[in-house]
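1. The following comprises the amino acid sequence and a computationally predicted model.
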Amino acid sequence: MTALSSFGLAVRIAVIAAVSAMEVYTSKELQVKNGTDTRLKCTFSSYAPLGDDVTVSWTFLPLSGGSGESVFYFHREPFPSNGRFQNRAVWDGNIKRSDGSIIIRNIQQTDNGTYFCQVKNPPDAHGETGETMVSVVDQVKFSEILLLGLVIGVGSAVIIVLVIIVVLIRHYRKQRTHSTAVSLMECTEKLNDKSCDKTVNA
């Protein structure tokens, strides 16, 4: 293999690696309350500068199964879906900030499923597709981690307040004891001073 052909092979490998460098970031799981507006986050990074050819495609796979459905499409401007998400899927992203997020208004139980976000920025057109599993519930439950964090936070706050109170009480008592001791010493040195005797008696 000649040096020239080796160089050409290296260039091709570098180009292939670069073309597949698109990375998409989404929340893995999302629990939302029925009837609320829900933001589906999708951010991305690309080796190529972001231009006018960036496209963001959102699709939906129902939890009950079936074929995928188009949710939203963006290419220079938003293109809402004509299906179940018509007038409910709203663009909430900013391509210049590498954000392709959308909002689903009035989300329903029938919207349970997986949402896929695919971003292309030619020539960086290949990469992983972001997935978000959405669970629509009547009442959002606190996660165990959030509950544990809340308990720890409240407990820590109570302990800090108690420590401050104890320190202040000790400081106050120390100051009071010190003042009384100084007064007694002064009065001892001035036994003939009647005003001092009155002060000590008081």
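-> Nice, thanks for sending it over.

2. Find the nearest non-adjacent residue to the most centrally placed residue in the chain, please.
-> Central residue of the chain (CA atoms, centre = their mean): S27, 9.7 Å from the mean position. Once flanking residues are discounted, S27 sits nearest to T132: 5.2 Å by CB to CB, 6 or more residues apart in numbering. To be clear about C-beta, it is placed using only N, CA and C from the backbone, and glycine gets the same treatment.

3. Could you pull up phi and psi at the residue nearest to the centre of the chain?
-> phi -70, psi 130 (degrees, to the nearest 10).

4. who's in contact with it?
-> 40-41, 132 (CB atoms under 8 Å, 6 or more residues apart in numbering).

5. ranking those residues by neighbours, who comes first?
-> With neighbours taken as other CB atoms under 10 Å, the top of the contacts of S27 is L40, carrying 26 neighbours.

6. What score does that residue have for pLDDT?
-> Listed pLDDT for L40 reads 97.

7. what sits opposite it in the beta ladder?
-> On the basis of DSSP bridges, L40 is bridged to I102.

8. hang on, it packs against V56?
-> No - contact between L40 and V56 fails when scored by CB atoms under 8 Å: they sit 11.2 Å apart.

9. what about the residue nearest to the centre of the chain, distance to E131?
-> Per CB to CB, to the nearest Å, S27 is found 9 Å from E131.

10. quick revisit: what score does the residue nearest to the centre of the chain have for pLDDT?
-> For S27, pLDDT reads 93.

11. still on that earlier bit, show me what contacts the residue nearest to S27?
-> Contacts of T132 (CB under 8 Å, 6+ apart): 26-30, 40-41, 114-115, 117.

12. Quick one: buried ones out of those?
-> 26, 30, 40-41, 115, 117 (16 or more other CB atoms under 10 Å).

13. Mind listing the shared neighbours of L40 and V56?
-> Residues touching both L40 and V56 by CB under 8 Å, 6+ apart: C117.

14. Angles on the backbone of the residue nearest to D37 when sequence neighbours are not counted, please.
-> Leaving aside its chain neighbours, D37 sits nearest to R105 (4.9 Å; criterion: CB to CB, 6+ apart). Dihedral pair for R105: phi -80, psi 140, per degrees, to the nearest 10.

15. and R105, what does it touch?
-> Each residue near R105 by CB under 8 Å, 6+ apart is listed here: 37, 87-90.

16. switch to 10 Å and redo it
-> Shown in contact with R105 (CB atoms under 10 Å, 6 or more residues apart in numbering): 35-38, 85, 87-90.
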